[in-house]
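Undergrad: Pasting the sequence and the predicted coordinates here, then a few questions.
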Amino acid sequence: MSNMEKKFEADTGKILDIVINSLYSEREIFVRELISNASDAIDKKKYLALTHKSINDTSDPFEIKIEVNSKENTIKISDNGIGMDEEDLINSLGTIARSGTKAFLEQFNKSKDDKKEDVNLIGQFGVGFYASFMVADKVEVLSKKAGTDKSWKWISDGKSGYNIEKSDKKNSGTELILHLKKDAKEFLEGTRIQFVVRKYSDHISYPVKMLEVSKKDAKEETINEASALWTRAPKDIKEKQYEDFFSHIGAGFGKPLLTMHNNTEGTVSYTNLLCIPSSKPFDLFNPDRKSSLKLYINRVFITDKCDNLIPAYLRFVKGIVDTQDIDLNVSREMLQNNPAVAKISKSLVGKILRELKKIADKDKAKYIQFWNEFGQVLKEGLYEDLERKDTLLELARFSNNENDDLISLEDYVNTMDKNQKDIYYIAADTKSQALSSPHLEGFKSKGIKVLVMADPIDQFWLSMAGKFKEKNFVSITQGEIDLDNIKSDKKDPKNKDTKKDDVDKKFTNLIAHLKASLGQNVKDIRLTSKLTDSPACLVADKGDMDVAMENLMKQRDPNYQGAPRILEINPEHALVEKMNKLLSDKKHNNLVDDAGTLLFEQARMMEGKLPSDPTKFAKIMNNFLVKGVS
Ligand code: ADP
Ligand code: MG
């Protein structure tokens, strides 16, 4: 087969190579992938036949056939599904549909060490068909698309390209003929095929029939259960069957974190068979944020693009919903506004969130595992689903400045000091950046816990200023925070206030002086009780953008200039004390100005920024150093 007419796309060639040579360790999964495709094709045909009577060209029952021929060394897998026309064959079998697949596979190929997971990977990427080249050195695909009158034959050796020519297939559907490689003869054993079908494809809704053509008196046998898995009673279903079902629908690898199989009857009736996979799919953060729940109406597959069925922040939930409460004739487009879909969605979301709450209460370790995989996505709901915000806040987990635990807001609030009114958080690009912030000093020394918000998404929901149990979320890098009353034995508050007044008075001049010299660089200057080791820090004024938000804006627009910050100074720091003393003699004014500039610039640097005037900063610092050593 050297003169192939059409070459595979460059990407397809590479992917084929990865799939065939190194993606997985168990070749038998080609059976699963090909049956899965046949079943999808029948799903499509079934739907079309119901909505377009003209497509309904046969009264044959839907089924998948496997013919093993040990004389010819072939396996033939055929279905009476939707079929493919010439264009479909080129597009579906010659190119890779999902963007990002190649990049992911290549990266995976480099770093693969756990062979076990490989087996489950393949169906996820829309490359299942290529699995046939693991066992075959030539694959023929005969296909006729329902509603058309031509049929086609696609042939390839899975190396460089393929040929397409007309064929004489009579009925619509697809027939795959695999010419087995020398080392793949094991699959000519009927029992072997039967074993593999039972193992992976028992849940397929259509009968899978097998015939050993070259055996004497061979009879066709149905070798799977052949009823849609979700229509069976949960007690009759084994965990493994659920797993196979989920990998059949591309829901991901291995054992799911959570499986939900329910039958709901009420204002709207439906069955759901859903899972939360144990790890995130590679396209979880694609910009389109699409969910892919499959909607069935009365066991007929309708679509996996019904966005209203489940909100984007639950897009990590995979599986199917089957209902009788929607008219089969409703067009896919109309589904978006269908009231029954809205009702199902509402009920479904409630169910999923309750289930998550249950895990959170019962099995902390498992919940943390879930949170690490999908927490960032669930948090999107905090600003997209205001109706369920409180529930979502209960489910959210946060890092904190004291240890590595992820804690709930409930935990946080329950351990708050009685005088602490707000929930404190620090926002930053990363946790480690947050932890090195001077803003935390006072909190650390008083043992006041601060939540760390290091996901970009946090800026969005936090800016909508919600509350949790009547407590506000307060950024410790924004607005004025008084820690004096918290965790202090407030026996003599009066005395304390007078002390504070005294301190204020003591530094009035210094503050006025620095305001004059720093000018437009700062919005204001004030004393703070938040610092212990550092002399100064910058905070956003109430209502101005918090640092992390400002960083996000800058990523979008490098020229973005934030509002000037408030400089907070630590009255107990030796440098500040010294500056205050120097002020009593006019001749030191310049020195105080320079020290003020250093305070301001270092506060900027501690926020991860460059000095506003690096040259001036270096010059002043060098002056101080020269004075210091001479
Ligand atoms: P996926 O099934 O994830 O899309 P595959 O590589 O398994 O990826 O199949 C690629 C495409 O080829 C399918 O999406 C489908 O359009 C088409 N296809 C494969 N097998 C069949 C079949 N038996 N009948 C009709 N179409 C098929
Ligand atoms: Mg497939």
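TA: The structure has been received and is ready for your questions. Ligands and ions are numbered 1, 2, ... in the order given.
Undergrad: Might you report the residue contacts of Thr264?
TA: Residues near Thr264 by C-beta atoms under 8 Å, 6 or more residues apart in numbering: Tyr270, Thr271, Asn272, Ser347, Lys351. C-betas here are computed from N, CA, C, even on glycine.
Undergrad: among the helices and strands of the protein, which has the poorest mean pLDDT?
TA: When the helices and strands of the chain are compared on mean pLDDT, DSSP states H and E, helix 115-121 comes out lowest with a mean of 47.
Undergrad: And whichever helix or strand comes after that one, how far out from the chain middle?
TA: Using DSSP states H and E, the helix or strand that directly follows helix 115-121 along the chain is helix 132-135. Put simply, helix 132-135 sits 32 Å off its chain's centre (C-alpha atoms, centre = their mean, to the nearest Å).
Undergrad: Ligand 2 contacts on the chain?
TA: Asn37, Gly128 (C-beta under 5 Å from the ion).
Undergrad: can you rerun that using 6 Å?
TA: Proximity of the chain to ligand 2 is confined to Glu33, Ser36, Asn37, Gly128 under the rule C-beta under 6 Å from the ion.
Undergrad: contacts with ligand 1 among those residues, please.
TA: Among those, the residues within reach of ligand 1 (C-beta under 6 Å from any ligand atom) are Glu33, Asn37, Gly128.
Undergrad: For these, give me a markdown table that also has neighbour count and pLDDT.
TA: Listed next are these as a markdown table, based on neighbours: other C-beta atoms under 10 Å; pLDDT from 0 to 100:
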| residue | neighbour count | pLDDT |
| --- | --- | --- |
| Glu33 | 21 | 87 |
| Asn37 | 22 | 92 |
| Gly128 | 22 | 81 |
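Undergrad: And the strands in the stretch 101-250 of the chain, which stretches?
TA: Remark: strands assigned in the stretch 101-250 of the chain by DSSP state E, counting those that start in this stretch are 136-144, 151-156, 161-167, 173-180, 208-212, 221-222.
Undergrad: mind checking which of the ones you listed is nearest ligand 1?
TA: Of all these, strand 173-180 sits nearest to ligand 1, with 3.7 Å by C-beta to the nearest ligand atom.
Undergrad: How about that closest one and ligand 1, touching?
TA: Yes: judged by C-beta under 6 Å from any ligand atom, strand 173-180 comes into contact with ligand 1 through Thr174.
Undergrad: In the stretch 101-250 of the chain, which residue sits nearest ligand 2?
TA: Gly128 (3.2 Å; C-beta to the ion).
Undergrad: what sits against that residue?
TA: Counted by C-beta under 8 Å, 6+ apart, Gly128 has contacts Glu33, Leu34, Ser36, Asn37, Ile122.
Undergrad: same thing but 6 Å
TA: Going by C-beta atoms under 6 Å, 6 or more residues apart in numbering, Gly128 touches Glu33.
Undergrad: how close does it sit to Leu176?
TA: 12 Å (C-beta to C-beta, to the nearest Å).
Undergrad: and for these two, which residues touch both?
TA: With C-beta under 6 Å, 6+ apart, Gly128 and Leu176 have no common neighbours.
Undergrad: returning to that earlier point: quick one: closest of the strands of the stretch 101-250 of the chain to Asn414.
TA: strand 208-212 (55.4 Å; C-beta to C-beta).
Undergrad: What pairs with the closest one, parallel or antiparallel?
TA: Applying DSSP bridges, strand 208-212 is found paired with strand 64-69 (parallel), strand 221-222 (antiparallel).
Undergrad: mean pLDDT lowest for which of those?
TA: In terms of mean pLDDT, the lowest-scoring of the strands paired with strand 208-212 is strand 221-222 (a mean of 94).
Undergrad: Can you list the buried residues in the longest helix seen in the chain?
TA: In the chain, taking DSSP state H as the definition, the longest helix is helix 493-518. For helix 493-518, burial by neighbour count (16 or more other C-beta atoms under 10 Å) applies to Phe507, Leu510, Ile511, His513, Leu514, Ser517, Leu518.
Undergrad: next SSE after it?
TA: Next along the chain after helix 493-518, taking DSSP H and E as the criterion, comes strand 522-527.
Undergrad: List the contacts of the helix or strand just after that next one.
TA: The helix or strand immediately downstream of strand 522-527 is strand 536-539, counting by DSSP H and E. The contact list for strand 536-539, computed with C-beta under 6 Å, 6+ apart, reads Pro438, His439, Thr477, Gln478, Arg565, Ile566, Leu567, Glu568, Ile569, Leu599, Ala603.
Undergrad: Give me every residue in the stretch 401-550 of the chain lying close to ligand 1.
TA: Residues of the stretch 401-550 of the chain lying near ligand 1 by C-beta under 6 Å from any ligand atom: none.
Undergrad: Name the member of the contacts of Thr264 with the most neighbours.
TA: Comparing the contacts of Thr264 by number of neighbours (other C-beta atoms under 10 Å), Tyr270 comes first, having 24 neighbours.
Undergrad: ok, now how distant is the closest residue in space to it that isn't next to it in sequence from ligand 2?
TA: Distances taken as C-beta to C-beta, 6 or more residues apart in numbering put Thr323 closest to Tyr270, at 3.9 Å, once the chain neighbours are dropped. Counting by C-beta to the ion, to the nearest Å, the gap from Thr323 to ligand 2 is 25 Å.
Undergrad: May I have the phi/psi pair for Thr323?
TA: phi -140, psi 160 (degrees, to the nearest 10).
Undergrad: That one: neighbouring residues, count only.
TA: Neighbours of Thr323 (other C-beta under 10 Å): 20.
Undergrad: Could you do the one 4 residues further on as well?
TA: Other residues near Asp327 number 10, with proximity taken as other C-beta under 10 Å.
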